[in-house]
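Enquirer: Just to be clear, the model below is a prediction. Sequence and coordinates:
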Amino acid sequence: MQTPLELAFKNVTPTDEIKALVQEKVDHLEQFADQITSCHVYIRAPHNSQKKGNLYEVTIEVRVPGDELVVHHQQNDTAEHEHLKVAVRDAFASMAREIKRWKQKIGGDVKTHDGPLQGKIVEIHHDQGYGQIIATDNRLVYFHKNSVVDGDFDQLQTRDTVELVVQTDESEIGPQASTVRPISALKYNPAG
């Protein structure tokens, strides 16, 4: 990025853990799209209300050549946003989708494929926060609990089917999923 990350908090105590999580998610966006020129992240919690818990709002503004992409997860979006890490994760997952659409739009990239990559969980370590998936293209793919969207990592079990996005840059441990989404049933069998 040409401009360093700007991170602002309102009614939220900024912790090193949350700052590190945001930086990790921004770094991931940069690997996904190197055209990002700046990123602004705003994390807000409303004042205490009569409702159950405080729900966090996360706004992400990403500037790319010729455009500005904005994701705003409001406090009433979902009950899971009582947890700041979940609200941050969901907002960055939405931004990754926005960047993907932007890249397809500017590149005239119209993909013709049968759908997202799918697989089955073959190993999961709830206590250590990671697992492995055998994908439909027969790759063994590592995933971290922070990559799970639309579901709860602790609810996942071996043999569960998922959709996944594999990072383009392979890590030292091999292919790694940037996004893992639980789905109902495997729709493609790589064995034929």
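Expert: All right, it came through fine.
Enquirer: And the protein, what are its domain boundaries?
Expert: 6-107, 117-182 (automatic domain parsing).
Enquirer: weakest of these in terms of mean pLDDT?
Expert: With a mean of 82, domain 6-107 has the lowest mean pLDDT of the domains of the chain.
Enquirer: Would you work out how far apart the start and end of it are?
Expert: With Cα to Cα, to the nearest Å applied, domain 6-107 spans 28 Å between its terminal residues.
Enquirer: helix or strand for the nearest residue to residue 66 once chain neighbours are set aside, which one?
Expert: Using Cβ to Cβ, 6 or more residues apart in numbering and skipping residues adjacent in sequence, the residue nearest residue 66 is residue 106, 7.7 Å away. (Each C-beta comes from the backbone N, C-alpha and C, glycine too.) If you go by DSSP states H and E, residue 106 is part of helix 84-107.
Enquirer: same for that helix, what does it pack against?
Expert: helix 16-32, strand 38-44, strand 57-64, strand 67-73, strand 177-182 (3 or more Cβ pairs under 8 Å, 6 or more residues apart in numbering; DSSP states H and E).
Enquirer: what do you get if the cut-off is 10 Å, keeping everything else the same?
Expert: helix 16-32, strand 38-44, strand 57-64, strand 67-73, strand 161-166, strand 177-182 (3 or more Cβ pairs under 10 Å, 6 or more residues apart in numbering; DSSP states H and E).
Enquirer: Any buried residues in that helix, and which?
Expert: For helix 84-107, a neighbour-count test (16 or more other Cβ atoms under 10 Å) marks 84, 86-96, 98-99, 102 as buried.
Enquirer: contacting residues for the nearest residue in space to residue 85 that is not next to it in sequence?
Expert: Among residues not flanking residue 85 along the chain, residue 21 sits closest, at 6.2 Å (Cβ to Cβ, 6+ apart). Neighbouring residues of residue 21 by Cβ atoms under 10 Å, 6 or more residues apart in numbering: 15, 84, 85, 88, 89, 92, 146.
Enquirer: so how far is the helix or strand following the helix holding residue 106 off the chain centroid?
Expert: Sequence-wise, the next helix or strand downstream of helix 84-107 (DSSP H and E) is strand 117-125. Its chain's C-alpha centre and that of strand 117-125 lie 17 Å apart, by Cα atoms, centre = their mean, to the nearest Å.
Enquirer: what does stretch 159-166 give?
Expert: 14 Å.
Enquirer: List the buried residues for that stretch?
Expert: In stretch 159-166, counting by 16+ other Cβ under 10 Å, buried: 160, 161, 162, 163, 164, 165, 166.
Enquirer: cool, stretch 129-144 as well?
Expert: 130, 131, 132, 133, 135, 136, 141, 142, 143.
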